[in-house]
Each structure stands twice: as C-alpha cells, then as structure tokens.
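Trainee: sequence unknown, structure follows:
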C-alpha cells in the first residue's frame, strides 16, 4: 500500500511539473515599413565647397525648406551618391530651381540662385 501511495504522489508531482501545452500562435499584422530620412545633400556657404556646410536629411523626393541659418547663403553644393538634388529660390520648392548631382556637383551656383536658395529636394539619379 505504501508503494501505491508513493507512486500516486510521484505521478501527481510529475503531472504538476509538466509544461502546459503552448497556446496557438496569434498572427500579428505585418509591420508597416516607413521610409527613413537619409543624408541627401551638402551645401556650402562659399563657392568651391568652402566654409560652413549644411547636410540635409529627408526622405527621397520630399521637399525641405532650408533652416534659417542656411537660408539665402548657399553658394555651392553636392548631392550624395546616387541622387540628383534641386535647390529653389523660394520655400516649399517653388519658383525657379537649379539641379546638380554628386560628381562634380556645383562648385559655383549661377548668380540668379547664388545666396538665394530657400528649399531643396533630392531624387534618385
């Protein structure tokens, strides 16, 4: 009889220690992939890529206004590799624009936009 009690107790202990069956996996919705801002443009205060430098980050194809400390002072610029960038005289990418790529970029903006750029946008080249 003691053997029966010991076996019953042992089986009860094993049953309690056994892991519960895994719940059914709940399907979660696929994550939404968002475009990530990346460095797309470099602008310099002076010609020949000299003096203060602004590096603009955005999602490809988004128009960005230049920050107040770089509005109306750009004289040269380069797009990052694989992109073509346009700067505009007016904010919100309006008005007349001037485009350039990475190599050679534009070491000297034309007079009509030199020190007048207010916004920019870059696209895949």
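Mentor: In hand now; what should we look at? Predicted model, so just to flag it, every value in this text is computed and none were measured. Residues are numbered from 1 along each chain as shown.

Trainee: any idea how far residue 75 lies from residue 62?
Mentor: For residue 75, the distance to residue 62 (C-beta to C-beta, to the nearest Å) stands at 24 Å. No exception for glycine: its C-beta is placed from N, CA and C like everyone else's.

Trainee: Pick out whichever of those two has more residues nearby.
Mentor: When neighbours are counted by other C-beta atoms under 10 Å, residue 75 and residue 62 differ, and residue 75 comes out ahead with 22 against 15.

Trainee: Can you name the residues that contact that one?
Mentor: Residue 75 is in contact with 44-47, 108-109, 114-115, counting by C-beta atoms under 8 Å, 6 or more residues apart in numbering.

Trainee: Residue 44 too?
Mentor: 50-54, 74-77.

Trainee: picking up where we left off before, need the max-distance pair from the contacts of residue 75.
Mentor: The largest distance within the contacts of residue 75, taken as C-beta to C-beta, falls between 45 and 108 and amounts to 12.7 Å.

Trainee: These two: which has the busier surroundings?
Mentor: Using other C-beta under 10 Å as the criterion, residue 45 and residue 108 rank with residue 45 on top: 17 against 12.

Trainee: for the helix or strand harbouring that one, which positions count as buried?
Mentor: Using DSSP states H and E, residue 45 sits in strand 38-46. For strand 38-46, the neighbour count (16 or more other C-beta atoms under 10 Å) marks 40-45 as buried.

Trainee: Find the residue closest to the residue most central in space within the chain in space, skipping its chain neighbours.
Mentor: By C-alpha atoms, centre = their mean, the chain has its centre lying nearest to residue 37, at 1.8 Å. In this structure, residue 37 finds its nearest non-sequential neighbour in residue 57, 4.6 Å apart by C-beta to C-beta, 6 or more residues apart in numbering.
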